[in-house]
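Asker: Structure of the sequence below:
(chains A, B and C)
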Amino acid sequence: MTAALQTIALEKRFGGLVATDKVSLTLAHGARHALIGPNGAGKTTFVNLLTGVLPTNGGQILLDGVDITRKSQIQRARMGLGRTFQINQLFGAMTPVESIGLAVSERMGGGGDFWRGIGTRADIMNEIAGLIDRFRLTEVMDQPTHLLPYGKQRLLEIALALASNPRVLLLDEPAAGVPEAERAELLQTLAELPRDVSILLIEHDMDLVFSFADRITVLVNGAHFAEGSPQQIMSDPSVQQVYLGSEEHA
Amino acid sequence: MMTDTSLSPLLASPRPNERVSRDLLRRGRWKPAEFVFWLIVAASFFFLPDRHLLLSEIAILGLFALSLDLIIGYAGVVSLGHGAFFGLGAYVAGLTSIHLTGEPLTGLVLAALAAGLLGLATGPLLLLRASDLTRLMVTLGVAMLVLEGANQAAWLTGGADGLTGVMIDPLLGRFEFDLFGTTGYAYCLIVTFAFFLIARRVVTSPYGLSLRAIRDNPLRARSMGIPVGRRILGLYAFSALIAGAAGALLTQTTMFVSLDVLAFHRSADVLLILVLGGVGYLYGGLLGAIGFKLLQDWFSAITPQYWMFWMGLVLLVVVLIGRENLNALPRTLLARFRKEGRT
Amino acid sequence: MLTILIDGIAYGMLLFVMALGLAVTLGLMNFVNLAHGAFAMIGGYVTALAMNRLGVPFLLTLPFAFLIPALVGLVAERTLYVRMYRRSHLDHVLFSIALVFMSIAGADWLLGSSQMLITLPPWLQGRFEVLGVGIGRYRAFLIVVCAALVIVLQMVLAGTRFGARLRASVDDQRAARGLGINVNRIFALTFATGSGLAGLGGALGIEIMGLDPTFPLKILVYVLIVVTIGGTASLTGPFLAALIIGTADVAGKYYVPELGAFLIYLLMIVLLILRPQGLIAPAR
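Answerer: Numbering: from 1, shown residues only, chains lettered A, B, ... in the order given. Prediction:
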């Protein structure tokens, strides 16, 4: 059986600086896989390579066994690779219903529909209602996004990614900046994400990582450093060394 | 108001998917102020019979500005060369009447199609580099090329002398285009209204929503798999098509075309019109056209030669005050109007 | 053939001097200033009026053709433009088109709509021959003056503290502010210099391009083309673009006059397709 997402010796250089150093990573189907590493380990670059924001300098990316290394961002999204952004990338002037409605319409082939009114297709409406409910956005669904509390915006960020019905979802620091009061809601929602979506979580927050992930990869200086179950990683002395070492710099 | 019950979904507490659908449908629903606007427009036909020529001009400018609103207000593309489509439409309509048929609707359709095709052909240039300056220059460059083309092809277009001999048959074989512009005004109004309806439908469709999303956050739109370039291109061509129809109306109601329809000031004027009326809600072009014509008449009555100076000053003041602040004005008025209508 | 090339180079140099201010405003302030041509027109009128009404010799008028537009630019920047920087590009366009309209109508009202003519001093008239190639004296003069200007500017940019600060501000405005550079003052000075250069270009260009109230629009298209295809990442880009456009325009008018202005627009679009990032692409 092929992996949901796989990279083979993925490489990225900026001038002389090696940002991603031949990283091979395998994301199993239905995985809850976390990618961690100290600041500057190259996590963001790695996500940008996976999603096609940056071109690679070498190596391969396979989505369900299909080579997507040369595909554009839009093609990757259409092939089932979804992502959230570390800094919210939302449609500030639109409401959650509209934003999610847009994502669902695009997926269900109604996005280019220029004649039928919005809100007339029952199948699309059911999908939207389901997502609104799942992400606890019901009370705020008709308010402009930029006015929502940050935690709700963060939920919408994930809802938008899931609305495109991805097979693989990259969550880029989903809990970043969420105030303590809204955190529980977010973690609960993350835990309830559908199991058939394979998830790669990129995160700083160790509590979230250890509660969410069943497998962890550690990235250091752009290279694959260690991988294992949460217990293995937690008890790995070299990983502790890396984190302690980096904290002295921070 | 007749739809009052549907406006309070919380009271009725329907199923969630119905709430969603209702929320989304609300956008496309006609607001009372819109009915009022079009009623006033229709009334102008009956109550201002001696102003039909001026009113036709306003309707044409309004339609032209409406087309520009689609690409500036909805696709977020700043254009300095929208006159190219207007001018092309004007010439195609003129040439159709001379060489093919004087039947007005044929000319209108051909003109609109020609302009739409030009939009479709030149639109990809806009996607080369998503910088406003480049888009400005590409649109301006295309407009200048069309102008030069019309100028050089004097055997076809009459060059600097203009295209003479345009004769338009009665509308639907029945209504003669008269000297007072009555038929002409009715014709312009109906065509403008029809295109407005189509445009309104398009911008409130899922397609229109995706355009708003692209303008709001292109990065996210891309990551959702929205084909950004194709969507912008489609609207650009549609906008060009409407501009072409506006040009055709000008030719058919004045029975004359000259290089003036392609001049730079056309593109600049229409921008000014749109800004006067407000960008991004479709009515801006129509309201702006009224304001523009009134101002133009007034200024040229005071200083016939230098009205451009005053026009520039108005534009300057509008921009310095801030378009948002100015555009908010009619909306607050409308909101107040609506509130009073309800009580 | 060579004569045309030299004419083209002279014309291109002139375009570069006029476009420079626009390139810098665009690169530094990200401001699309369509009214740039109005400053060129002011310079042109300064020279024309000083010569025709006051009898000032041509060369002596040139410093004023620089200083007066620079002063006007400085005032306009501090009072009007400064309010616009944070606005959208659409606002920039509208604002500067308004200025163009007003300057055209204003010039028409004050000075009439007819062409302004000047009589060059005798030593700049006629042509001389080098190795059998006829060169217009005025064209040669233009090349020398503009080349000198370009060299001086390059030295200022590369060698002085002001130049370093300007480059830093263009590169990363926020970082420059963080370093304690007074970016606003650099904006103002640069804007004034750019306007002054445009004015000087306008004065030098009377002989070649003529001068009437529609000048701001006429020249606008040319300088915009130069900046668009040249890019704003360096001075080299606009410089090359100006030479290409200048030469192409002169050669086009000579060899294929029936094409008229077709050629440069076509050239612009083709260059944009070939090099969408500008002739000299930015480093990133």
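
Asker: mind listing the helices for the stretch 201-343 of chain B?
Answerer: Along the stretch 201-343 of chain B, counting by DSSP state H, counting those that start in this stretch, helices occupy B:206-216, B:218-223, B:228-254, B:264-277, B:283-302, B:307-321, B:323-342.

Asker: Among those, show me which one is buried the most.
Answerer: helix B:228-254 (a mean of 26; mean count of other C-beta atoms under 10 Å in any protein chain shown). C-beta: built from backbone N, CA, C; applies to glycine.

Asker: Are that one and chain C in contact anywhere?
Answerer: No - Helix B:228-254 stays clear of chain C (C-beta under 8 Å from any C-beta of the partner chain), getting no nearer than 13.2 Å.

Asker: returning to that earlier point: the helices of the stretch 201-343 of chain B into CSV, with extra columns for mean pLDDT?
Answerer: What follows is those, written out as CSV (pLDDT from 0 to 100):
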stretch, mean pLDDT
helix B:206-216, 86
helix B:218-223, 82
helix B:228-254, 91
helix B:264-277, 86
helix B:283-302, 86
helix B:307-321, 82
helix B:323-342, 59
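
Asker: Is it possible to get a markdown table of those that adds distance to A:Arg154?
Answerer: A markdown table is the format used below for the helices of the stretch 201-343 of chain B (distance: least, C-beta to C-beta, whole Å):
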| stretch | distance to A:Arg154 |
| --- | --- |
| helix B:206-216 | 18 |
| helix B:218-223 | 14 |
| helix B:228-254 | 25 |
| helix B:264-277 | 37 |
| helix B:283-302 | 35 |
| helix B:307-321 | 37 |
| helix B:323-342 | 29 |
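
Asker: looking at the ones you listed, which is closest to C:Ala48?
Answerer: Proximity to C:Ala48 (C-beta to C-beta) singles out helix B:307-321 among those, at 21.0 Å.

Asker: by how many degrees do that closest one and helix B:264-277 diverge?
Answerer: Angle, helix B:307-321 to helix B:264-277, by axes from the mean of the first three to the mean of the last three C-alpha atoms, to 10 degrees: 40 degrees.

Asker: Helix B:307-321 vs chain C: in contact?
Answerer: Yes - Helix B:307-321 comes into contact with chain C (C-beta under 8 Å from any C-beta), by way of B:307-309, B:311-316, B:318-320.

Asker: Could I get those residues in CSV, plus columns for distance to C:Gln154?
Answerer: What follows is the residues of helix B:307-321 next to chain C, written out as CSV (distance: C-beta to C-beta, whole Å):
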residue, distance to C:Gln154
B:Trp307, 44
B:Met308, 39
B:Phe309, 39
B:Met311, 41
B:Gly312, 36
B:Leu313, 39
B:Val314, 42
B:Leu315, 38
B:Leu316, 36
B:Val318, 40
B:Val319, 35
B:Leu320, 36
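
Asker: Alongside chain C, which residues does the stretch 151-300 of chain B contribute?
Answerer: Within reach of chain C by C-beta under 8 Å from any C-beta, the stretch 151-300 of chain B has these residues: B:151-152, B:264, B:268, B:271-272, B:275, B:279.

Asker: what separates the residue nearest the centre of chain B from chain C, distance-wise?
Answerer: Taking C-alpha atoms, centre = their mean, the centroid of chain B lies closest to B:Leu66, which sits 2.0 Å from it. For B:Leu66, the distance to chain C equals 17 Å [C-beta to the nearest C-beta, to the nearest Å].

Asker: so what pLDDT did that residue get?
Answerer: Listed pLDDT for B:Leu66 reads 93.

Asker: Quick check: which ranges of chain A have low pLDDT?
Answerer: Along chain A, segments meeting pLDDT under 70 span A:1, A:110-112, A:114-119, A:244-250.

Asker: for chain C, same thing?
Answerer: Ranges of chain C meeting pLDDT under 70: C:132, C:233, C:260, C:276-284.

Asker: can you give me the helices for the stretch 101-250 of chain C?
Answerer: C:137-159, C:161-171, C:173-178, C:183-209, C:215-230, C:236-255.

Asker: quick one, strands of chain A?
Answerer: In chain A, the strands defined using DSSP state E lie at A:5-14, A:17-27, A:32-36, A:58-63, A:66-67, A:81-83, A:168-172, A:198-202, A:215-220, A:223-228.

Asker: right, and those strands - which one's nearest C:Leu15?
Answerer: strand A:5-14 (36.8 Å).

Asker: Does anything pack onto the closest one? Which helices or strands?
Answerer: Packing partners of strand A:5-14 (3 or more C-beta pairs under 8 Å, 6 or more residues apart in numbering or on different chains; DSSP states H and E): strand A:17-27, helix A:43-51, strand A:58-63.

Asker: My read is that A:Leu25 contacts A:Ala4, right?
Answerer: No - using C-beta atoms under 8 Å, A:Leu25 is not in contact with A:Ala4, being 11.2 Å away.

Asker: I figured B:Phe177 hits B:Leu171, correct?
Answerer: Yes - at 7.1 Å, B:Phe177 counts as touching B:Leu171 under the criterion of C-beta under 8 Å.

Asker: Serialize the strands of chain A to JSON lines and add fields for mean neighbour count.
Answerer: Putting the strands of chain A into JSON lines (neighbours: other C-beta atoms under 10 Å in any protein chain shown) gives the following:
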{"stretch": "strand A:5-14", "mean neighbour count": "19"}
{"stretch": "strand A:17-27", "mean neighbour count": "18"}
{"stretch": "strand A:32-36", "mean neighbour count": "24"}
{"stretch": "strand A:58-63", "mean neighbour count": "18"}
{"stretch": "strand A:66-67", "mean neighbour count": "11"}
{"stretch": "strand A:81-83", "mean neighbour count": "28"}
{"stretch": "strand A:168-172", "mean neighbour count": "23"}
{"stretch": "strand A:198-202", "mean neighbour count": "24"}
{"stretch": "strand A:215-220", "mean neighbour count": "22"}
{"stretch": "strand A:223-228", "mean neighbour count": "17"}
